[in-house]
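Visitor: need a structure here:
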Amino acid sequence: MAILPLAAALAGLLIGLRARALVVRHSVAEGGALRDGCPSCTAPLPGLPGPRGSDLRAAVAARCRDCSVRLGPPPLAVEAVTALLLGALAWKAAAGEARPAELAELLAFCWLAVLCAVLAFVDLAVRRLPDRFTIAACLGTGGLLAVAAASGGRWGDLLGAGLGGLALAAFYLLLFLVNPAGMGLGDVKLAAALGVGLGWFGWDILVAGAFFGFLAGALYGVALIAVRRGNRKSEFPFGPFMIIGAFAAILTAPVP
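Guide: Residues are numbered from 1 along each chain as shown. Down below sits the predicted model:
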């Protein structure tokens, strides 16, 4: 079954080219107009649909085809993340049985992974988690898991996914209400999407995913202080660490 992880990783690499364009397009301030082209010369963004927007060489180089200005994260950063996530998810799926329910489950988590990759890079760029991606991640993942539940009779797992999304979102909403400066509503909506995925595997995985996220964020904060690039009051986007923690728990969850 080694072919499945390799095929998924290759698909992730190609999907990452499109994901990069979405990152660049949505890396704007809250309420700002989405980017349709290069911020320097307005040429179409590589990776977007269209005869010039889909230029592969420019997309891989992460540069504008016309003026060569850098577009978004470093070359292959987004693509590597989507390839690694999809490959790892497929590797995990290959350890189980090849049934329609398992295929739907794999598609659900691949959907979640790609959208989370976009969200993480946008959050790193402009400290924003666009609703269109958090909501799509939550609804799409939940919908595909519903297909998996219907195919394999895993209604208890689907209930856990729904309750997990509600529970994690409620927890982050509480954090937002206590300290609005340290947590945004985008984090609450992201928590709902991640909670759906984590809750599918059970409450222990849900708690582990949340804990790993806070642990990753804390370690990053300590590292900033250690290299004198921040202090105890420094703020940084927390979405990427929520995602890291969630997928660390998902990928290490037992295969049923």
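Visitor: Only C-alpha atoms from now on, for both contacts and neighbour counts.
Guide: Fine.
Visitor: low-scoring pLDDT stretches of this structure, where are they?
Guide: 1, 46-61, 256 (pLDDT under 70).
Visitor: tell me the centre residue of it?
Guide: residue 116 (1.0 Å; CA atoms, centre = their mean).
Visitor: what's next to the helix or strand harbouring residue 11, contact-wise?
Guide: Under the criterion of DSSP states H and E, residue 11 resides in helix 3-26. For helix 3-26, contacts defined as CA atoms under 8 Å, 6 or more residues apart in numbering pick out 34-37, 45-48, 59-60, 71-73, 78-91, 94, 114, 117-119, 121-122, 130.
Visitor: Mind checking which of these land in helices?
Guide: 59-60, 78-91, 94, 114, 117-119, 121-122 (DSSP state H).
Visitor: which one is residue 206 nearest to, not counting chain neighbours?
Guide: residue 198 (4.7 Å; CA to CA, 6 or more residues apart in numbering).
Visitor: can you tell me which residues contact the one you found?
Guide: Neighbours of residue 198 in contact, by CA under 8 Å, 6+ apart: 161, 164, 205, 206, 209, 246, 249, 250.
Visitor: Next, format those as CSV and append secondary structure.
Guide: Output for these, formatted as CSV (DSSP: H, G, I helix; E, B strand; the rest coil):
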residue, secondary structure
161, helix
164, helix
205, helix
206, helix
209, helix
246, helix
249, helix
250, helix
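Visitor: Columns distance to residue 106 on top of those residues, output as CSV?
Guide: Below are the contacts of residue 198 laid out as CSV (distance: CA to CA, whole Å):
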residue, distance to residue 106
161, 15
164, 18
205, 17
206, 18
209, 18
246, 16
249, 15
250, 11
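Visitor: What are the buried residues along the helix or strand residue 135 falls within?
Guide: Using DSSP H and E, residue 135 falls within helix 131-152. Neighbour-count burial for helix 131-152 flags 133-135, 137-142, 144-149, 151 (criterion: 16 or more other CA atoms under 10 Å).
Visitor: likewise stretch 212-220?
Guide: Under 16+ other CA under 10 Å, the buried positions of stretch 212-220 are 212, 213, 214, 216, 217.
Visitor: And for stretch 229-241?
Guide: 237, 238, 239, 240, 241.
Visitor: show me what contacts the second one?
Guide: With contacts taken as CA under 8 Å, 6+ apart, residue 238 has the following neighbours: 183, 187, 217.
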